[in-house]
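Enquirer: pasting a predicted model and its sequence here:
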Amino acid sequence: MASHGKPRRDRASEYEAQIKEIRIQLAEQIKCFDTQVDFRQQLLQDMSEFLRRKAEINLEYSRSLEKLSERFSSKIRNSKDHHIFRKEQNLLSPVNCWYNLLNQTRQESRDHAALSDVYTSHLIPRLTHIGEDVSRLSKKSKEVGLLQQEDLLKLMSELQGAMKTYQLYHSDCMYAEHKLREAEKQDEKRTGKLIEHTASSPVTDRGQRRSSLKKTERLVEKRLKKYLENSQKCTKARNEYLINLNTVNNNINNYYINDINDLIDCCDLGFHLSVSKSMRVFLQAEERVQLSRQQGLQALEGAVDNLDPQVDKNKLMEMRSDAFCPPSRFEVQPHEGDEVLEVQSEPLLHQEIVSRLQHIQSRLEREHLETEEVKKTLKATLQSILDLIGTDEFDLSEVFQSSQSTESLKSSGSDTSSKTSTAKRRANQQDTENFYVTKFQKYLLGRSTICKLQTKYDLLKEAIEKAAVMDSHVSGRRRYLSRAQSSGQAIPRVVSSCIRFINLHGLQHEGIFRVPGSQAQVNEIRSSFERGEDPLDDSCSGHDVDSVAGVLKLYFRGLEKPLFPNEVFQDLLYCIQLETPQDRIVHLKKLVAKLPPPVTLVLRYLFAFLNHLSHYSDENMMDPYNIAVCFGPTLVSIPDGQDPVSVQPHVNEVVKTIIIYQERIFPGPAELAGPVYEKCMTVEEDEEYCDPLVPEAPIDECEQEQETTAGSEDELDFIEAIARFDYMSRTSQELSFKKGDVILLHSKAPGDWWRGEIAGGRGLIPHKYISIPEGAEKKLEQRNLRKEAESSTAHTPEDVLVEPSR
């Protein structure tokens, strides 16, 4: 790539600064989660310590109990962390319970020995279990959150790469356009000078000026082609950049709106309910010991009833809005005055975008179904966990009896069966939690995938709809196609010529009809057919297979009246409802019989060719289904009122069926006389020196070879090599190329280097990066030796090639 296409630093630094802020915010979220867990652990430890000490002090009655209350009250008053947390958290519900508990304790004057047994045997182990649950769930939730954050950072990194690629290609496009304008100005300047000096100049000088003018015209054509290629690359890069941009914005919004809420819920799973159950055990013991404390206990019970994970979550997020507030959306950064700010569906990219849209739609439907199932499972599992936590009730009826003495107390906590039941319940709870976290992670990933796919689907669908409305080239193309239909030929010349060319040169061409060809070549071939010429009749035409395939598709797509008229559209779709291939064949055969004979002839010829092409699917990767995806929208137009996205797959299935069973569907030569497709075709022109599969071969070389009487390979002035790897030039004397490029070698240079050219540019080429035909190197050396021995000054092909301006 040229160095002139570097993006501006301020544009890139703006994205980097925004991403850096998001990274800091994500780190703050993890710190906030850790702080919340630490606070809960400290809270549970304080409550456990409180109950343990209270159990001991209960035996000492009022005075010891008052000292205990004062101890923890002073700890709260003197603790800086508690003051800060209380101020920021606006007194969360578990903290509120703790404060009410201390207020109630200050009012106690005595307690019963049964309370000591209840605290020691039941409440303290329960709080220990809650602490273990908090640590375990917070760790797993943190891991899930980190995975989600890594996915966000990965998407933002891809966005930066897409933006840089887009800026680079757009700079190349602007540079190619600039060079094209310079060539056009040079052409106009030389043309004007030629007109001024034509009358006064000698005849010999006129020929030289015409030769110079032709060189300038070839330079303009070459730079126009380069500009069109760079423009297409720029459009594709811009599309990917805009898609990535919207994907990142929607995923960030999904993470901050949905994922964070769910992560906090996962971290809080069962905590509030467990604390609530523990506190209710305490309440039961207190109510039986001392009914006079009812007023204080009612206040504490109200605080327990207000334990609400949703309210606490909202308070936490409101107080720490700097960590949980969604960041601003990424804005489109157009490069160097580019005014296109949306995804576009250009003609050469239309089929690719339609196929991509269909693939995204099918995958989106699958993801919706899978995510909905996971959501149902997640909801049922959550209810199971809450039920397991909620069933852990402790019955105090047997602990306290009518007598107030300590001798009448019974401790149910020492029962062996109760301990076994508790251990079994906890093991079941942990297994259920592990299953819940696994499904929760899968649910978040599925929702994130749906967000990405839905964004891409909406953008691509909008681009397709706008392209259908703004197609401004349909009328001119249809006039040309109408002339081809009314020419009187059984098979239109454009159809037979394109099929014949592909039969000879493109049956094994990978991605035929799927890979778009050169728009410049497509327009050139179409223009030749419009003038009544056959540009594919010459074996040395230099046209590539993808461009010829594009002309064939363009012909059928632009017919004013499609081969399958709208009147038979519903009959075509009815074929999908038939289950067996035999029923479909019978139905389609009756449908074809209703079509006019000229249309049937063309369809029979075309589908016989497509069937033959599918036999080479191992080489060209185009089986009947892939061919149907390319020709479905071309041959069958969807009537107004139908949804193209949902109907197109059915149309493609019908076309696939016709391709496979074309011999049984269409009438044979005996039933319908007319041209029949032949699998083995011939060409009159000699193709020894001109390979039509190589679009890079200069047309001037083909013309020279036709004019040369001695046409053997030994007398070629160059040999063709294929690039084995990508290579980036390190000096101005070297040439850069991509893997698969065709390189023309002229002579051997010192060391492991060759002198050659690529697309008109000359320089040095490394030997180890190219593949040379066997024996070609020796022949080229012999040719160079003969040229050195010759005394004549015959011109070489390099003399007639136009040097690109530097």
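Expert: Received the coordinates, thanks. Predicted, not measured: the structure shown is a model, and the values here were computed from it.
Enquirer: how many residues are close by residue 18?
Expert: Residue 18: 16 surrounding residues under other C-beta atoms under 10 Å. C-betas here are computed from N, CA, C, even on glycine.
Enquirer: where's it, which helix or strand?
Expert: helix 9-57 (DSSP states H and E).
Enquirer: mean confidence score for that helix?
Expert: The predicted model assigns helix 9-57 a mean pLDDT of 84.
Enquirer: how far off centre is that helix?
Expert: If you compare the mean C-alpha spot of helix 9-57 with that of the full chain, they lie 34 Å apart, counting by C-alpha atoms, centre = their mean, to the nearest Å.
Enquirer: between whatever helix or strand comes next after it and helix 9-57, how many degrees?
Expert: Taking DSSP H and E as the definition, the helix or strand that follows helix 9-57 towards the C-terminus is helix 61-78. Using axes from the mean of the first three to the mean of the last three C-alpha atoms, to 10 degrees, the interaxial angle of helix 61-78 with respect to helix 9-57 works out to 170 degrees.
Enquirer: quick check: buried residues in helix 61-78?
Expert: Along helix 61-78, these residues count as buried under the neighbour rule (16 or more other C-beta atoms under 10 Å): 64, 65, 66, 68, 69, 72.
Enquirer: what is the nearest of the residues you listed to residue 764?
Expert: The closest of the buried residues of helix 61-78 to residue 764 turns out to be residue 72 (C-beta to C-beta; 84.4 Å).
Enquirer: in contact with the closest one, which residues?
Expert: Residue 72 makes contact with 46, 50, 102, according to C-beta atoms under 8 Å, 6 or more residues apart in numbering.
Enquirer: residues contacting the helix or strand hosting residue 99, please?
Expert: Using DSSP H and E, residue 99 sits in helix 93-106. Judged by C-beta under 8 Å, 6+ apart, the contacts made with helix 93-106 from elsewhere in the structure are 40, 43, 46-47, 50, 54, 65-66, 68-70, 72-73, 76, 85-86, 89, 91, 272, 275, 279, 286, 293, 296-297, 299-300, 302-304, 306-308, 311-312.
Enquirer: 6 Å instead?
Expert: Helix 93-106 has contacts (C-beta atoms under 6 Å, 6 or more residues apart in numbering) with 69, 72-73, 275, 296, 299-300, 303-304, 306-308, 312.
Enquirer: what is the nearest of those to residue 153?
Expert: residue 312 (28.7 Å).
Enquirer: tell me the strands in the protein, going along the chain?
Expert: Secondary structure of the chain (DSSP state E): strands at 719-723, 742-749, 753-758, 761-766, 770-771.
Enquirer: on that earlier part again, just the buried members of the contacts of helix 93-106?
Expert: 69, 72, 275, 296, 300, 303, 304, 307, 312.
Enquirer: which two among these are spaced furthest apart?
Expert: The widest separation within the buried ones among the contacts of helix 93-106, taken as C-beta to C-beta, falls between 69 and 312 and amounts to 25.6 Å.
Enquirer: residue 302 - how many residues pack around it?
Expert: Residue 302 has 12 neighbouring residues, counting by other C-beta under 10 Å.
Enquirer: tell me the pLDDT of it.
Expert: The score at residue 302 is 81. That number is its pLDDT.
Enquirer: with adjacent residues omitted, what lies nearest to it?
Expert: Residue nearest to residue 302 in three dimensions, not counting chain neighbours: residue 100, with 7.8 Å by C-beta to C-beta, 6 or more residues apart in numbering.
Enquirer: do the same with residue 282
Expert: Of all residues beyond its chain neighbours, the one nearest residue 282 is residue 123 (6.1 Å), with distances taken as C-beta to C-beta, 6+ apart.
Enquirer: can you give me the helices in the stretch 101-250 of the chain?
Expert: Assignment of helices within the stretch 101-250 of the chain using DSSP state H, counting those that start in this stretch yields the ranges 113-118, 124-198, 203-254.
Enquirer: cool, the stretch 601-750 of the chain as well?
Expert: Counting by DSSP H, counting those that start in this stretch, the helices of the stretch 601-750 of the chain are 617-620, 624-635, 644-660, 662-665, 699-707.
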